[in-house]
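> Just need the structure, nothing else, for what follows:
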Amino acid sequence: MRSRISQGWSRCSRACALGVRWAAVALVLFTFSAGAADVAIREGVLILHSNQRPTPAAVIIEDTLRRVIDGTLGRPVDIYSEYLDSERFTTKAYGETHSEFLVRKYGDRNIRVIVASAAQALPFATDLRSRIPPPVPVVVHLAIPKDQLDAASLAPGIVGVTVDLDPMPTFELAMRLQPHARRLLIILGAGERDRIWESRVRGAVKRLQGNLEVSYLIGLPTPEVLRALRGLDNDTIVYTPGYFLDGTGQIVTPRQAVETITSASAAPVYGPLDTFLGAGIVGGYMAPYADQSAQAGAIAVRLLNGAPTSEFAESSATNRPMVDWRQIRRWGLDDGLLPPDTIIRFREPPLWKTHWEIASAVIAAVLLQALMITWLLVERRRRRRAESDSQKRFSEMAHMNRSVAMGGLAASIAHELNQPLGAIHNNAGAAQLLIRADPSKLDEVAEILEDIKHDDKRASEVLSRIRKMLRKTDIEVAALDLTEAIDETLKLLAFDASAHGVSVKSELAPGLAKVWADRIQVQQVILNLALNGMEAMRDRPEAGRQLTIRSSQANAKEAEVSVVDSGPGIPAEILPRIFDPFVTSKSGGMGLGLSISRTIVEAYGGRMRAENLPIGGAGFHFTLPFAAGRRP
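Numbering: from 1, shown residues only. Purely as a prediction, here's the structure:
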């Protein structure tokens with residue numbers, strides 16, 4: 001019967017376990033399918049950059065688009081980025097393969113908007129758009145020059161922001177700032193982008209008014225360009241849009257090319273892109289990439305919110321005159337010739353504007369200087385007298401504090417003296433007995449007499465320590481062995497700690513360099529902190545009364561001493577004022593010990609702080625400067 005019941009339970013258990021397993025599998029499949037559905041439902045935005053990520057323009061465009069879309073859409077959206085690196089590779093060579101790769105990569109990501117950044121990305125985005133499974137995404141373009149975009153031939157579903165890169169306004173700005181210029185030098189690279197720029201620049205030169213002599217450096221190796229720039233006169237205007245490719249096939253970013261050009265040029269340099277500001281150019285008429293990206297991002301947000309493309313007309317970013325104030329000053333150009341709406345970057349306002357308070361104070365100080373000198377001479381004598389009186393009063397207070405502390409250690413002092421005195425008494429009695437019993441045992445008597453001398457020395461040392469602590473003497477600042485000072489203080493505390501059931505532990509750093517302080521005052525500080533810690537633990541169970549004294553190197557210039565107890569800690573309401581005079585957490589305390597201790601420490605250039613420990617108890621820490629390099 002029992003066997004049948006056991007078999008029944010076994011079958012039931014296996015069935016339950018199998019059911020739990022199937023339920024777990026179903027839960028995992030449900031979770032996975034829910035996550036997959038969420039990925040499919042969430043809208044995606046794909047940003048296609050013509051160039052590589054390190055270009056300053058790509059960084060600004062990327063960051064601005066993400067900030068605008070994430071900040072204004074009002075719901076989560078996945079934003080992806082791809083870099084076509086067109087300065088190194090042409091889309092003709094790998095475009096179809098790359099497009100197929102991106103279709104596989106983003107085909108199930110619900111891409112609703114493709115942002116095409118710069119001219120090379122637009123045809124690629126158009127092709128990719130036709131390959132992605134429905135619904136077909138909208139293409140938003142930006143940073144594409146007007147003269148490279150045929151708006152009439154754009155396919156439906158493509159909208160965006162163009163930019164006018166006509167060099168003429170920048171030429172006119174340069175001629176305005178350099179009215180005596182006689183020559184215009186134009187520098188272009190050797191890439192496909194540079195051929196477009198050459199056509200654009202030559203068209204602007206034909207419209208130039210004036211007698212400027214125009215010359216070109218096109219497709220040359222960078223070293224040759226730099227040699228030509230070094231030989232220029234300052235009556236030359238240099239214009240460059242930068243380049244990706246020089247005459248040797250060296251690939252750089254346009255900003256890097258501009259930085260190289262401006263560092264060698266003996267004449268002011270101008271350019272068309274705001275990313276060149278700060279690279280050494282004077283300025284130019286520019287449509288900031290951040291503005292273009294913000295407009296394109298706003299279009300993308302409206303499209304994601306359901307606006308049809310028919311609502312959008314082709315718009316163009318606004319060009320503004322922008323200059324680098326530092327370059328205006330470098331070349332001695334007259335900022336009064338700038339157009340009224342010029343945006344000035346890196347401007348350094350005059351001192352009287354940024355620090356008018358300081359300037360006013362300086363003027364007032366000069367006017368009052370004679371009166372102040374007279375007053376200071378009078379106050380100097382008063383201060384010296386007051387400092388002398390203050391030091392005398394502080395010494396008296398410190399002495400009183402030491403006397404109170406030593407009075408509190410009376411039991412410990414008595415115990416320390418009682419041991420050697422008792423030993424002296426016993427040894428003297430033993431010596432008398434030996435002499436009476438067997439006068440021949442002089443060796444043993446000599447040993448007893450040696451013990452008597454040792455115990456007498458111990459008693460003398462105890463009395464010496466007490467006398468030093470209680471004596472009113474001048475401060476003797478010198479190189480102090482901190483470990484020895486702490487050890488002497490621990491000997492004074494030993495019996496008192498035992499009487500209060502406090503376990504005292506020392507953690508002293510070996511080989512610690514000597515500090516610059518007075519021995520007696522340092523021991524007074526440690527004694528104050530230790531006695532406060534023992535007092536704070538009086539209501540704690542005896543097994544939990546732990547006082548720890550540590551020494552360590554705080555930094556390259558200071559040593560640190562810490563006194564940590566396991567008491568209830570410092571009340572939060574008085575912790576910020578714990579070192580103020582007459583502030584205390586003890587019912588019968590005067591509130592002077594910590595104030596005196598901090599004054600002593602700060603007199604040597606140290607610092608003192610208190611804290612409540614996370615594990616309970618309070619920690620007091622003070623620092624003292626090392627003695628190395630100091631003289632008495």
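> distance of H141 from S50?
H141 is 11 Å from S50, where distance means CB to CB, to the nearest Å. The way it works is simple: take the backbone N, C-alpha and C, and place the C-beta from them, glycine included.
> er, A294 actually
19 Å.
> swap in A307?
From A307 over to S50 the distance is 26 Å, taken as CB to CB.
> Of those two, which one has the most company?
Set A307 next to S50 and count neighbours by other CB atoms under 10 Å: S50 wins out with 24 against 14.
> could you give the mean pLDDT of stretch 371-390?
Averaged over stretch 371-390, pLDDT sits at 80.
> now could you export just the CA positions of that stretch as PDB?
Extracted C-alpha coordinates of stretch 371-390, given in PDB (Å, rounded to 0.1, in the frame of the first residue of the first chain):
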ATOM      1  CA  LEU A 371      45.100 107.400   5.300                       C
ATOM      2  CA  MET A 372      45.300 103.700   5.500                       C
ATOM      3  CA  ILE A 373      49.100 103.700   6.000                       C
ATOM      4  CA  THR A 374      48.800 106.100   8.900                       C
ATOM      5  CA  TRP A 375      46.000 104.100  10.400                       C
ATOM      6  CA  LEU A 376      47.900 100.900  10.000                       C
ATOM      7  CA  LEU A 377      51.000 102.200  11.700                       C
ATOM      8  CA  VAL A 378      48.900 103.100  14.700                       C
ATOM      9  CA  GLU A 379      47.100  99.700  14.600                       C
ATOM     10  CA  ARG A 380      50.300  97.800  14.300                       C
ATOM     11  CA  ARG A 381      51.400  98.800  17.800                       C
ATOM     12  CA  ARG A 382      47.900  98.100  19.200                       C
ATOM     13  CA  ARG A 383      47.800  94.700  17.500                       C
ATOM     14  CA  ARG A 384      51.200  93.700  18.800                       C
ATOM     15  CA  ARG A 385      50.100  94.600  22.300                       C
ATOM     16  CA  ALA A 386      46.800  92.700  21.800                       C
ATOM     17  CA  GLU A 387      48.500  89.700  20.300                       C
ATOM     18  CA  SER A 388      50.900  89.500  23.300                       C
ATOM     19  CA  ASP A 389      48.000  89.700  25.700                       C
ATOM     20  CA  SER A 390      46.000  87.100  23.700                       C
END
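> which residues sit against it?
A365 (CB atoms under 8 Å, 6 or more residues apart in numbering).
> change it to 10 Å
Applying CB atoms under 10 Å, 6 or more residues apart in numbering, the external contacts of stretch 371-390 come out as A365, L368.
> So which bits of that stretch are buried?
For stretch 371-390, a neighbour-count test (16 or more other CB atoms under 10 Å) marks nothing as buried.
> I114 looks like it's in a strand, true?
Yes: under DSSP: H, G, I helix; E, B strand; the rest coil, I114 sits within a strand.
> So for H141 and S50, which residues contact both of them?
Here H141 and S50 have A116, S117, A118, A119, A121, L122 as joint contacts, going by CB under 10 Å, 6+ apart.
> can you pull the contacts of E87?
E87 makes contacts with 50-52, 55, 120, 191-193, 243-245, 251-254, as judged by CB under 10 Å, 6+ apart.
> Could you turn the buried ones of those residues into a ChimeraX selection?
In ChimeraX syntax, the buried subset of these is picked out as below (16+ other CB under 10 Å):
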select :50,51,52,55,120,191,193,243,244,245,252,253,254
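> Hmm, which of the contacts of E87 is lowest in pLDDT?
Taken together, the contacts of E87 show their lowest pLDDT at Q52, with 77.
> how far away is that one from G511?
55 Å.
> now E43
E43 is 66 Å from G511, by CB to CB.
> more crowded one of the two?
More neighbours surround E43 than the other of E43 and G511, with 17 against 6 (other CB under 10 Å).
> quick one: contacts for the more buried one?
73, 75-79, 109-113, 137, 304.
> what do you get for Y83?
Contacts of Y83 by CB under 10 Å, 6+ apart are 47-55, 58, 62, 117, 121.
> now it: how far from H621?
Going from Y83 to H621 by CB to CB gives 54 Å.
> L208 too?
Distance from L208 to H621, by CB to CB: 74 Å.
> the more surrounded of these two?
Here L208 and H621 are compared on neighbour count by other CB under 10 Å; more neighbours surround H621, at 18 against 15.
> quick one: the strands in the stretch 501-632 of the chain?
503-508, 515-517, 546-553, 558-565, 608-612, 618-625 (DSSP state E, counting those that start in this stretch).
> quick one, which of those is packed in tightest?
strand 515-517 (a mean of 25; mean count of other CB atoms under 10 Å).
> circling back: select, out of the strands of the stretch 501-632 of the chain, the one closest to P571.
strand 608-612 (9.2 Å; CB to CB).
> angle of the closest one against strand 558-565?
Angle of strand 608-612 versus strand 558-565, following axes from the mean of the first three to the mean of the last three CA atoms, to 10 degrees, is 40 degrees.
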